[in-house]
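**Q** got a predicted structure plus its sequence, pasted below:
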Amino acid sequence: MTSRDHVAYQDGSLSFYVPELFDCGLYYNTSVPMLIKDVYDCIQKSQERCIKFYGNRISRLFWKNHPIERICVFGLVINHQWKELFKSKEEFMLISIDDCSSPRCMEPKILVCKCPKPVFLSCGISGDLSRNKVRVYGTTSFKYLELQVEHLEICNDLTLEIQHWQKAIKMCHQLNIPWQIDAESVQEFYSRQNGNNEQDDFISKLEFHNAKDELLYSSPQDNEVEVTVLASSALVSTGTEYKRSLEIELNMNTSNIMLGSLENCSVEDYSNDKAHLASASFQLTDVAAYNSTQARNTLSRYLIRCGDCKISIVELFKMNPINDYIAKFAEFRFNQKNMASIKPVEQMKSEIFVDLLNKLNNCGLLIFVNQNLINTEPLRSLYDYCTNRLLALIKLKCFSGTIDHEHIKMKLNIPKLSRRAIIDIFKESIKDILEEYPSLLRNWWIEMNSGKFSIVHLEYQNN
């Protein structure tokens with residue numbers, strides 16, 4: 001077969017297949033027994049492969065080119081404690097285990113396992129876990145370098161521990177043999193693709209006409225201009241990465257929207273600002289407040305509060321709060337620049353909307369998933385991190401806290417996250433906290449400098 005569409009990336013002799021074929025993997029639909037040292041090595045390599053080969057669109061363990069969904073580890077409980085998430089009130093137990101698989105010359109590898117309370121209770125375990133040996137089944141989290149527990153059992157039997165080591169070592173040898181997908185699975189994949197293409201063409205036509213109905217306007221000169229938000233996010237392979245482009249297609253030409261650099265800032269004081277909730281109306285009474293930074297932050301606030309991380313671009317544009325705000329922003333620019341003879345207001349609306357999405361993507365806050373879908377998980381993750389960090393500082397009555405930009409990028413696994421984006425989301429987090437608890441702080445500001453760190457300053461009411 002001459003087509004290579006089923007191969008996402010060719011790394012030397014290793015073929016990394018598209019995610020749709022992972023189910024055909026030899027060990028994908030089973031719990032793979034592993035040693036903890038191998039888990040850590042696997043996570044480090046897999047993170048690089050998910051970014052390099054799959055554009056960070058997936059989060060999967062890889063051993064060579066074998067995709068692994070679930071693993072099984074066996075070890076001694078070193079520590080365990082109950083935790084509770086501040087917002088969702090979700091209770092879970094963090095269990096730290098060690099299987100002594102790390103060489104003596106290296107620092108011991110301790111694997112943290114996050115076990116939700118319902119899962120822990122369903123396993124029928126009671127009493128203290130300390131110094132017990134456990135067998136844990138679950139999926140790995142690149143974000144927190146931990147195991148998301150799906151099942152847990154106490155196994156103090158030495159025979160069971162020896163059997164696990166034997167299985168893990170045997171599996172290690174098997175995983176070192178590269179995966180060669182069979183021709184039948186590839187043929188089935190192409191058959192599905194051909195069927196999906198016909199369906200996608202039909203759906204795409206419906207979406208096109210729907211968008212066309214919404215975005216067909218007349219200019220002041222009564223010249224009909226057809227403006228379509230075209231999510232032509234074709235994945236263009238450049239050998240080592242994927243590039244996405246979101247274009248605006250006019251009736252006569254197609255032009256790429258170029259991303260501008262984010263503006264710099266020194267010290268900003270937002271102590272007198274009131275929190276803007278995305279669920280509220282997007283009305284700005286002061287016309288002078290309309291600028292690209294304000295618009296980008298407004299869109300970010302709305303996306304943070306959307307129920308689902310994955311959102312249709314067309315549906316997002318139709319949502320009343322977003323559409324109303326973009327309309328006012330476009331009208332302001334239209335009047336300010338006196339462009340009546342060049343561009344109609346409605347064309348500017350579409351261009352502004354696409355430009356804002358591109359800027360959020362450029363600074364690492366969202367991902368273009370496909371031709372009409374964005375993923376806001378990076379934005380949500382950053383917002384949760386900022387909120388938890390700020391609440392910890394406030395609870396400890398700290399007067400200042402350091403924002404380490406590089407550490408945040410590594411911890412959240414968002415390599416392209418910009419310094420400006422981190423600061424903006426910190427601002428949104430603290431304004432939301434003060435909206436809910438207005439008496440916590442008297443004043444606050446974020447000090448920015450040219451280095452890798454920023455500092456958030458907090459002043460309390462009783463000081």
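**A** Okay, I see it.

**Q** can you give me the domain boundaries for this structure?
**A** As given by automatic domain parsing, the domain ranges for the chain are 7-175, 215-263+275-363, 378-460.

**Q** how about these, which one is nearest Ser185?
**A** domain 7-175 (4.3 Å; C-beta to C-beta). (Each C-beta comes from the backbone N, C-alpha and C, glycine too.)

**Q** give me the distance between Pro103 and Cys72.
**A** Using C-beta to C-beta, to the nearest Å, Pro103 is found at 22 Å from Cys72.

**Q** please apply the same query to Glu351.
**A** From Glu351 across to Cys72, the span is 52 Å (C-beta to C-beta).

**Q** OK, contacts around the closest residue to Asn375 other than its chain neighbours?
**A** Nearest residue to Asn375, sequence neighbours excluded (C-beta to C-beta, 6 or more residues apart in numbering): Ile367, at 4.4 Å. Counting by C-beta atoms under 8 Å, 6 or more residues apart in numbering, Ile367 makes contact with 56-57, 361, 374-375, 377-378.

**Q** and Lys409, by the same measure?
**A** Contacts of Lys409 by C-beta under 8 Å, 6+ apart are 364, 415, 417.

**Q** is the second one part of a helix or strand, or is it coil?
**A** The reference is to Pro415. Classification of Pro415 by DSSP: H, G, I helix; E, B strand; the rest coil places it in coil.

**Q** returning to what we had before: more neighbours, Pro103 and Cys72?
**A** Between Pro103 and Cys72, counted using other C-beta atoms under 10 Å, Cys72 has the larger neighbour count: 19 against 8.

**Q** doesn't the more buried one belong to a helix?
**A** No: counting by three-state DSSP, one finds Cys72 to be strand, located in no helix.

**Q** surely it and Leu35 touch.
**A** No: look at Cys72 against Leu35 with C-beta atoms under 8 Å: they stay out of range, at 10.7 Å.

**Q** for the helix or strand hosting Trp444, list every residue counted as buried.
**A** Applying DSSP states H and E as the criterion places Trp444 in strand 441-448. By neighbour count with 16 or more other C-beta atoms under 10 Å, strand 441-448 contains the buried residues 441, 444-446, 448.

**Q** quick one: list the elements packing against that strand.
**A** strand 267-269, helix 419-436, strand 453-460 (3 or more C-beta pairs under 8 Å, 6 or more residues apart in numbering; DSSP states H and E).

**Q** using JSON lines, lay out these together with distance to Ile125 and mean neighbour count.
**A** Converted to JSON lines, the helices and strands packed on strand 441-448 look like this (distance: least, C-beta to C-beta, whole Å; neighbours: other C-beta atoms under 10 Å):
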{"stretch": "strand 267-269", "distance to Ile125": "50", "mean neighbour count": "12"}
{"stretch": "helix 419-436", "distance to Ile125": "36", "mean neighbour count": "20"}
{"stretch": "strand 453-460", "distance to Ile125": "41", "mean neighbour count": "16"}
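
**Q** now the ones you listed as CSV including mean pLDDT?
**A** Output for the helices and strands packed on strand 441-448, formatted as CSV (pLDDT from 0 to 100):
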stretch, mean pLDDT
strand 267-269, 34
helix 419-436, 90
strand 453-460, 88
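
**Q** which residues in the stretch 51-200 of the chain form helices?
**A** 117-122, 158-175, 183-214 (DSSP state H, counting those that start in this stretch).

**Q** and these, which one's lowest on average pLDDT?
**A** Among the helices of the stretch 51-200 of the chain, helix 183-214 carries the lowest mean pLDDT, at a mean of 58.

**Q** rank the domains of the chain by mean pLDDT and give me the bottom one.
**A** Across the domains of the chain, the lowest-scoring stretch is domain 215-263+275-363, with a mean of 56.

**Q** quick one: contacts for Ile177?
**A** Ile177 sits next to Lys64 when contact means C-beta under 8 Å, 6+ apart.

**Q** I misspoke; the intended subject was Leu145.
**A** 40, 43, 112.

**Q** what does the helix or strand hosting the second one contact?
**A** With secondary structure defined by DSSP H and E, Ile43 is part of helix 36-54. Counting by C-beta under 8 Å, 6+ apart, helix 36-54 makes contact with 8-9, 11, 16, 19, 34, 56-63, 68, 71, 73, 75, 97-99, 101-103, 109-111, 140, 142, 145, 147, 168, 172, 240-242, 413, 415, all of which sit outside it.
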